[in-house]
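In: Quick check, what structure comes out for this input:
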Amino acid sequence: MIKNYFTIAWRNLLKNKTSSFINIAGLAAGMAVAMLIGFWIYDEVSYDQYHTNYKHIARVMQHQTSNGYVFTSVAIPFPLGEELQSKDGSDFKYIVRSSWNGSHILSLGDQKISVSGSYMDAAAPKMLTLKMQEGNNDGLKEMNTILLSAASAKALFGDKAALNQVIKIDNKLDVKVTGVYEDLPHNTTFRELNFIAPWDLYVSSEPWIKNSMTQWGNNSFQLFAQIADHADFDAVNKKIINVKQDRVSPEEKKFNAKIFLHPMQNWHLHSKWENGVNAGGAIEYVRMFLIVGIFVLLLACINFMNLSTARSEKRAKEVGIRKSIGSLRSQLIGQFFSESLLVVAFAFILSLLITQFTLPLFNDIAGKQMKVLWANPVFWMMGIGFALFTGIIAGCYPALYLSSFKPVKVLKGTFKAGRLAALPRRILVVLQFTVSVTLIIGTMVVYRQIQYSKDRPVGYDRNALMMVEAKSPDFIGKAALMRNELLEEGAVTQISESSSPVTDVWSNNGGMRWPGKDPNQDADFATIWISHDFGKTVGWHFKEGRDLSRDFPGDSSSMVINESAVKFMGLKEPVGTVISWGDEPHVRKYTVVGVIDDMLMQSPYEPVKQTIYLLGQNDDVNWINLKLNPAKSLSSSIAAVEAAFKKYVPNAPFEYKFANEEFAKKFITEERVGKLAGTFAILAVLISCLGLFGLSAFVAEQRTKEIGVRKVLGASVLNVWQMLCKDFVQLVIIACVIAAPLAWYYLHSWLDKYSYRTTISVWVFAGAFVGALLITLITVSFQSIKAALMNPVKSLRTE
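Out: The predicted structure follows:
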């Protein structure tokens, strides 16, 4: 019987080639989209699961209250690690202190590479369950040692063994390689951890850290922990919540510091905090694309439902004869389900091919490194289950509808589908275009938000602005030596130094006081140490006052502030204001000599933070900024700069960044969302149009004789075209009306998370509506005009 079901199903596919092609192509596209989204969601929800202990690992974080708002930070004070270990040691299996993952120079003789890595406690390899290829995970117990990732070891040693080789970190620290670990996957927080060096080595090599070892108010470090198997995060949080608050100075108690553990399984998906409360994160996009995937697959299933039920009159006699000779309704349902399953089987095979060929492009758009797991039995089990589920969803309505026909009416010739029979199909078409139009509007708003933020004034000139990180002591004092040489060559127009890259802020400081300050106001400023000519290099704009200058020896006690700082401090005449920093007897006083327009250095979606700019010493600055000469070619300028760096800093690889490229990276998440949403919107529209094309072909075929009569009575091609298009246009207009409030509601919620955001213009909706109507007319017109041009003699000769 089952063989007979599929034999008849195969014959029906061959008999109705056009509808079969539309069904298979539409379902394959929908299933491929659902599969790609499924891979992406799996990659997101499995983030950090590479680490065996991920359910027990946490990042130690803190909430602090400032000016009535609760800020959440991953930066913690140095003494906290030892305090947690001694106070609540039984609750923790490992406590791991860590530096910030930064770029460093690793060298072996003349071979030098620049890689990112961290200094961490010796328990880090065990906590992270690193898979060792050479050595073991106890390799950090001695001071001058290092663990390398496989990629770093390959870059330094090639195919030779790395174990026990001696290399240098930042041209100053000799360390012995005691282990090589497997490269960490892309979907882990530590994917850029290319080496680990001992924490004690970090403390001994950086003099400033020794001053922080007892300072509970200096939040400059990271701390990770793995709780004991018997421990619970909530219970441990209750024990450690006041560890810092009980130990800070009386002046700092006003920040009401609350220490807590943020579990690793929430780092990626729940990374956003608002006023001390977790407000989601990447989980929002997971939910959004899950819904998109379901709807795109549903659109393809709707095509199958519509085309199957639209041809109900042609299948009516088949159903009547089968029922009259004894077929049960359950057998007919089985027959129609077998047809849907056969279509889905072909669509599933085609969707696998589509997925395989489009996955590299999808990875590029999504910033992933996903693969189809052909050899994984779980993948095939889920894939087959997914195909069966799709077949049931697509086939349930046609099977139940077609099997419900009464054989007496059918065989008497009195069966007519009637106008109400088309109502479910109309509803499904409206649903299709509601989803499609909503996705189109969403894509347009995402790109509008990105463009709005890109067009925001940044307060400096990003063009031809090169940044070079000073990664080792070899860079100290070299910017001044290179300055005259490069200016004389004409490769650059200005050179300066700063403590942060132009596109970020690496330091924030409090403890500022000024005339008229509210005693209860907390003052936290972004702090940038700079050299002379920084302003000329970046091209900042003064609102009043002057720049820090070599012509004023006293400028070592001066500062430039931005417009946001003026507003924050409430200064009416900022130039000349004396700002005190620190407590007695170590208070330092600075005079404001200039006010600049806000420089957008951090998030383009948030307000610019109050910022101060101070002249720094050699140890204060980490970046060399160069303004390339626009009168010379970019390649020649870069070559001249590279030659100068190799001359004055020969022990460091020459690596540079451009400010405009780094600024563009700030939009990468939103651009990915926009590209993904745009891709899925296009596919949704194409799937909907496939169904519309099939339905319009069926309607034109069904009304062939009516069209013939109308033409005989004088109807023009335009009249016939209007008649056939009218119903579909009405359905799309209804879909647009429904889509408008839905899109506005969800997009308004999405935009609410940005402080600096665009408005949802009525022109976005108008553009989407006009586009949907044009696509509908183009899709339907082919069949409508073809039917209108048909010779009425052919359609009426049987009458």
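
In: what residues are up against Leu128?
Out: Listed by CB atoms under 8 Å, 6 or more residues apart in numbering, the contact partners of Leu128 are His51, Ile57, Phe190. All C-beta spots, glycine's among them, are computed from the backbone N, C-alpha and C.

In: unless I'm mixing things up, the last one is touching Ile196, no?
Out: No: between Phe190 and Ile196 no contact is recorded; they are 9.5 Å apart, counting by CB atoms under 8 Å.

In: how about low-confidence regions in the stretch 1-150 of the chain?
Out: 1-16, 19, 87-89 (pLDDT under 70).

In: Quick check: which element contains the residue positioned nearest the centre of the chain?
Out: With the centre of the chain defined as its mean C-alpha position, the nearest residue by CA atoms, centre = their mean is Thr669, 3.5 Å away. Element membership for Thr669, per DSSP states H and E: helix 668-702.

In: can I get the CA coordinates of stretch 545-557 in CSV?
Out: Backbone C-alpha positions of stretch 545-557 (Å, rounded to 0.1, in the frame of the first residue of the first chain) are rendered in CSV as follows:
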residue,chain,number,x,y,z
GLY,A,545,40.6,78.3,24.5
ARG,A,546,43.8,76.8,23.0
ASP,A,547,45.7,73.6,22.5
LEU,A,548,48.4,72.2,24.8
SER,A,549,51.6,73.6,23.4
ARG,A,550,55.4,73.5,23.7
ASP,A,551,55.3,77.3,23.9
PHE,A,552,53.8,77.1,27.4
PRO,A,553,56.1,75.2,29.8
GLY,A,554,53.3,75.1,32.4
ASP,A,555,51.1,73.0,30.2
SER,A,556,52.2,69.9,32.1
SER,A,557,49.7,71.1,34.7
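
In: Just the buried positions in that stretch, please.
Out: Gly545, Arg546, Asp547, Leu548, Asp555 (16 or more other CB atoms under 10 Å).

In: of all these, which comes closest to Ala155?
Out: Sorting the buried residues of stretch 545-557 by distance to Ala155 puts Leu548 at the head of the list, at 40.9 Å, by CB to CB.

In: what's the closest of the buried residues of stretch 545-557 to Ala151?
Out: Proximity of these to Ala151, judged by CB to CB, is greatest for Leu548, which lies at 42.5 Å.

In: Wasn't that closest one part of a helix?
Out: No: assigned with DSSP: H, G, I helix; E, B strand; the rest coil, Leu548 falls outside any helix and is coil.

In: got CSV for the buried residues of stretch 545-557, with distance to Ile734 and pLDDT too?
Out: Compiled in CSV, those are given as follows (distance: CB to CB, whole Å; pLDDT from 0 to 100):
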residue, distance to Ile734, pLDDT
Gly545, 61, 94
Arg546, 64, 94
Asp547, 62, 94
Leu548, 64, 94
Asp555, 69, 91
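
In: List just the nearest of the residues you listed to Ser781.
Out: Compare each of the buried residues of stretch 545-557 with Ser781 using CB to CB and the shortest gap goes to Asp547, at 65.2 Å.

In: Look up how far Val435 lies from that closest one.
Out: 56 Å (CB to CB, to the nearest Å).
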